[in-house]
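In: I'd like to go over a predicted model; first the sequence, then the structure.
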There are 2 protein chains.
Amino acid sequence: MPGEAIEGPRPTQSRAPRTQTRSAASRPTAADVAALAGTSVATVSLVANGKTKGRVGAETVARVTDAIDSLGYVVDHAASALARGTADIAVLIAPDLANPYYGDVVRGVTEVLGDRLQLLLAVASTGVQPSPAVMARLVGLRPAGLLVDAPSQAFLAALPDGPATVLLDAPGADAPGTDDTGAGGAATPRDAVNYDLAPGVDALVDHLADQGHRVVAYLDSSTGTETLALRRRLVAAAADRRGLRLVDGASSVIEVAAATHAFEAAWPGWDDSGATAVVCATDTQAYGVLAAARTLDVRVPDDLAVAGFDDLPSSQVTAPGLTSVALPGAALGRTAAARLLRALGLDPEGAGAAEHPAADDLTARLVVRPSTLAPRG
Amino acid sequence: MPGEAIEGPRPTQSRAPRTQTRSAASRPTAADVAALAGTSVATVSLVANGKTKGRVGAETVARVTDAIDSLGYVVDHAASALARGTADIAVLIAPDLANPYYGDVVRGVTEVLGDRLQLLLAVASTGVQPSPAVMARLVGLRPAGLLVDAPSQAFLAALPDGPATVLLDAPGADAPGTDDTGAGGAATPRDAVNYDLAPGVDALVDHLADQGHRVVAYLDSSTGTETLALRRRLVAAAADRRGLRLVDGASSVIEVAAATHAFEAAWPGWDDSGATAVVCATDTQAYGVLAAARTLDVRVPDDLAVAGFDDLPSSQVTAPGLTSVALPGAALGRTAAARLLRALGLDPEGAGAAEHPAADDLTARLVVRPSTLAPRG
DNA sequence: CTGAAAGCGCTTACAG
DNA sequence: CTGAAAGCGCTTACAG
């Protein structure tokens, strides 16, 4: 029987062994360290934070350090955050962690953050932005910074003003409109790090046009984030340029099963309008299309070419391998993290900026695989 | 040019506009609310925390609520955590968020946590457990609870004792050995929620044996977590029972590319020993095998049957569809979250426990797909 | 039903 | 180079 360990709830504070002194019962405090080292708590604070340069004698530092080690002292972040007004943490807000794509972004962020800031991820329920109540809670933690990935406009408008904030993959947020004559703090532009999507999208549409497709369907995401809306607009613009007709009317959340259903519902109509290719807002949705195509006996790529966005790791092993617009998620994460550190006056230099010279290539690139390789016309 | 919004660093505390009063410059505090509502901060605290039942008059509650709304007051968590000794957050520690599998677990956890506890995810670098330094930081946040998924033994041993902790997918941690005669606090057993892996593993091995396989290779994970070690042991035991020979010697981190390389290196040897099937510790690694098989011109399933663990959403659309031992991640998350709430004296009842009666079915089940469907012998 | 006050554990000017 | 003290914004007994 799994999960049957009956150990009962363990109270947050373990009962103090009766033989010990009062302060040993809970976590050691700076006062405990000070007592043991024979100094003041102020000095302990200095040492614990490495701010001893020219302020604390080497001998004292050693004594305090020993005391810290022997007591296992760790600075209480709640108290520290309160006293300082800010905590050494960065909160990343992303709509959908189930999407493996975010793994790359997170990796990029942590690489650059190093141990300056502890990264914490906040997730709402599937694909949804955190509610204002949750945001209030998060800001209440007094994080030094906020990283917001793929926000919707509504979410941005409701974003609290407190902590330093860097937006990731938030097209539009960094372009304050053409005639932004400072109409008050209405729509604050914020620091944003975005992909350069056009090259990848153009390459995809060119590729489809070159393969002889004339009518292309689009399976949109229904999550309402700006970056996903932009994908669709760019595909439409490129289709226009190449004289392709774009048909849509279908969308789903970013899940395989949901996309399967959306495609099954849309396919008859698309088929009637002569669509021979479908571009999906995400690879995850493209997987759903592949699954549906099998059921419907639609052959890929012979009857229908399928493409997506994200180039997930598994897209190379789907049947057939999936053509996809690859997004450099790790680069996005690194760039955003560096931006945040800089905004906070912490030099990003040490932790990866140098080691990752390609950190700022945010260009989306097309990866062609068999799912679109069946020339026609 | 993406990401070129030059908005400059925004200091955490914006300089106070000279025309405003002191407290209006930063976030409103309980004192501000109290002043506006004409009450004491104590009352504000009571109202803000919903502890007014029989302690604050309806009229007062209304006045304070109005003041809170009009000021946009939100409780400062740092201060609250300090005063209370604990914060309303739960930290989930997982080795590898890039694995979409964790999306399910996270979803399960948040479903049950509701808004009692804000879930925050802490990630170390790829596939690694957080360092003791990071753990100290996390505990310094004074989270009400810790959820630790797929820990290694070493990590568990170093786990601090502070907050209420529930282990997920940590086999062994809940089974304090047969002769645990209380040899001191050496290896504290903890509350753990585990899968029942055996049914799924047995079904997989039975299936392979029934298909006529006699020699089965195992591509292990190199991450050193207990649960992954257990998978291998269970496969070995089942193989033994069915008279199959298990060959191994290959392992990789949980990434497609790494698994590809590991398989390419191991295949000649495995081929020599007559292996006709390979079981992978994770679906992600199985994807790598599928990719390598193409390169090496090994046909799946005709030359080689391939199976994995996790049954990721994309495993139904791989070429060929992947046979996998499915793990009920959401159920694991829900069960662990409920356990944590109970340990904290918060009743899990409201937020999903009732709506999800299947919450405790933690049985792993085999999903058979074409990657293993080629009878031989 | 309500408020004054102590205290949570730090950090940071400010004096020495 | 070091310490005493104020203060960060809450929460919680404790009096009324």
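Out: Arrived safely.
In: mind giving me the packing neighbours of whichever strand or helix holds residue A:90?
Out: Using DSSP states H and E, residue A:90 falls within strand A:87-94. Packing partners of strand A:87-94 (3 or more Cβ pairs under 8 Å, 6 or more residues apart in numbering or on different chains; DSSP states H and E): helix A:77-84, helix A:101-113, strand A:118-123, strand A:143-149. Backbone N, C-alpha and C define where each C-beta goes, glycine included.
In: neighbours around residue A:72, how many?
Out: 10 (other Cβ atoms under 10 Å in any protein chain shown).
In: before we move on, what SS does the nearest residue to residue A:170 once chain neighbours are set aside have?
Out: Spatial nearest neighbour of residue A:170, excluding adjacent residues (Cβ to Cβ, 6 or more residues apart in numbering or on different chains): residue A:192 at 4.8 Å. Classification of residue A:192 by DSSP: H, G, I helix; E, B strand; the rest coil places it in strand.
In: got TSV for the helices and strands packed on strand A:87-94, with mean pLDDT, distance to residue A:297 and mean neighbour count too?
Out: Output for those, formatted as TSV (pLDDT from 0 to 100; distance: least, Cβ to Cβ, whole Å; neighbours: other Cβ atoms under 10 Å in any protein chain shown):
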stretch	mean pLDDT	distance to residue A:297	mean neighbour count
helix A:77-84	89	58	20
helix A:101-113	89	30	25
strand A:118-123	88	38	24
strand A:143-149	92	38	26
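In: just tell me which of those ends up closest to chain B.
Out: Among the helices and strands packed on strand A:87-94, helix A:101-113 comes nearest to chain B, with 2.4 Å by Cβ to the nearest Cβ.
In: let me know the angle separating the closest one from strand B:118-123.
Out: Helix A:101-113 and strand B:118-123 are oriented at 70 degrees to each other (axes from the mean of the first three to the mean of the last three Cα atoms, to 10 degrees).
In: was I right about residue A:34 contacting residue A:45?
Out: No - the criterion here is Cβ atoms under 8 Å, and residue A:34 misses it with residue A:45 at 9.2 Å.
In: who in the stretch 101-250 of chain A is up against DNA strand C?
Out: By the rule Cβ under 7 Å from any atom of the strand, no part of the stretch 101-250 of chain A lies against DNA strand C.
In: closest residue of the stretch 101-250 of chain A to DNA strand D?
Out: Nearest residue of the stretch 101-250 of chain A to DNA strand D: residue A:140, at 8.1 Å (Cβ to the nearest atom of the strand).
In: nearest residue to that residue other than its sequence neighbours?
Out: Here the residue nearest residue A:140, using Cβ to Cβ, 6+ apart, is residue B:77, at 3.7 Å.
In: so how far is the least confident helix or strand in chain A by mean pLDDT off the chain centroid?
Out: Lowest by mean pLDDT, DSSP states H and E among the helices and strands of chain A is helix A:132-140, with a mean of 82. Remark: helix A:132-140 is offset 18 Å from the chain centroid, using Cα atoms, centre = their mean, to the nearest Å.
In: what's the answer for stretch A:111-122, then?
Out: That offset, for stretch A:111-122, works out to 12 Å (Cα atoms, centre = their mean).
In: show me the domain layout of chain A.
Out: Chain A breaks down into these domains under automatic domain parsing: A:25-75, A:85-175+A:189-193, A:198-326+A:363-372.
In: so does the shortest one get close to DNA strand D?
Out: If I follow you right, that is domain A:25-75. Yes - against DNA strand D, domain A:25-75 shows contacts by Cβ under 7 Å from any atom of the strand at A:38, A:39, A:40, A:41, A:42, A:43, A:54, A:55, A:56, A:57, A:59, A:60.
In: want to throw these into TSV with pLDDT and secondary structure?
Out: Formatted as TSV, the residues of domain A:25-75 next to DNA strand D follow (pLDDT from 0 to 100; DSSP: H, G, I helix; E, B strand; the rest coil):
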residue	pLDDT	secondary structure
A:38	91	coil
A:39	92	coil
A:40	91	coil
A:41	92	helix
A:42	92	helix
A:43	93	helix
A:54	80	coil
A:55	82	coil
A:56	84	coil
A:57	85	coil
A:59	87	helix
A:60	89	helix
